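> build me a model from this:
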Amino acid sequence: MRIALCQPDIAGNVGTILRMAACFGVPVDIIEPCGFPFSDRKLKRAGMDYAASVDVTRHNDWAAFRESQAGRIMLLTVTGETVLPDACFAKDDILLAGSESAGVEKAIHDAADVRLRIPMREGFRSLNVAVATGIALGEAIRQTGNWPE
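You can find the predicted model right below:
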């Protein structure tokens, strides 16, 4: 299981995701460009000292990321056809989240193997990207039995 963040905008959200990834032993891919300097102090504050314990790979763009990672892309999107409780995860899946402001480009959206939507009450548009990633990762780990020892 991997987490991939495509052109993230908010350092604090990336830091939160890095902290979560460290706790669960999940590698993270950052697909550039980021909307902030990767050394941003907000990133460090949110990730705390956990960020140093994460296997982070930075990619220049989507093409470079896809060349290096062959797993099935499980895109988190508000327009997903598959609701999270109906998804079936495999241990080599990649949970992909887009930028907070724009999501992912149409070509990336269309290239995803599965487009996941987290069900929520009517009238609510979306969750924070770090929260959504945590919810999806928890379900994926539960299904694959990949909880840390």
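> from here on, just use CA atoms for contacts and neighbour counts.
Fine.
> so what's residue 132 up against?
76, 118 (CA atoms under 8 Å, 6 or more residues apart in numbering).
> pretty sure it is in a helix, no?
Yes - Residue 132: assigned to a helix according to DSSP: H, G, I helix; E, B strand; the rest coil.
> all helices for the chain, in order.
Along the chain, the segments classed as helices by DSSP state H run 11-24, 41-47, 62-68, 106-111, 129-144.
> any idea how many residues pack against residue 137?
Counted by other CA atoms under 10 Å, the residues lying close to residue 137 total 22.
> and what of residue 63?
10.
> and it, how far from residue 10?
For residue 63, the distance to residue 10 (CA to CA, to the nearest Å) stands at 22 Å.
> name all residues that make contact with the nearest residue to residue 99 once chain neighbours are set aside.
Spatial nearest neighbour of residue 99, chain neighbours left out: residue 8 (4.3 Å); criterion: CA to CA, 6 or more residues apart in numbering. Contact analysis of residue 8 by CA under 8 Å, 6+ apart lists 14, 30, 31, 32, 33, 34, 35, 98, 99, 100.
> any idea which of the helices of the chain is most buried?
helix 11-24 (a mean of 22; mean count of other CA atoms under 10 Å).
> could you give the angle of that helix to helix 129-144?
20 degrees (axes from the mean of the first three to the mean of the last three CA atoms, to 10 degrees).
> if you count contacts, what does helix 11-24 end up packed against?
Judged by 3 or more CA pairs under 8 Å, 6 or more residues apart in numbering; DSSP states H and E, helix 11-24 is in contact with helix 41-47, helix 129-144.
> by mean pLDDT, show me the worst of those.
Ranked by mean pLDDT, those bottom out at helix 41-47, which scores a mean of 62.
> out of the helices of the chain, which is closest to residue 86?
helix 129-144 (10.5 Å; CA to CA).
> show me where pLDDT drops low in the protein?
39-48 (pLDDT under 70).
> not including adjacent chain positions, what is the nearest residue to residue 24?
Nearest to residue 24 is residue 148, by CA to CA, 6+ apart, at 6.0 Å.
> quick check: that neighbour vs residue 84, distance?
22 Å.
> could you do residue 12 as well?
25 Å.
> ditto for residue 75
On the measure of CA to CA, residue 75 and residue 84 end up 11 Å apart.
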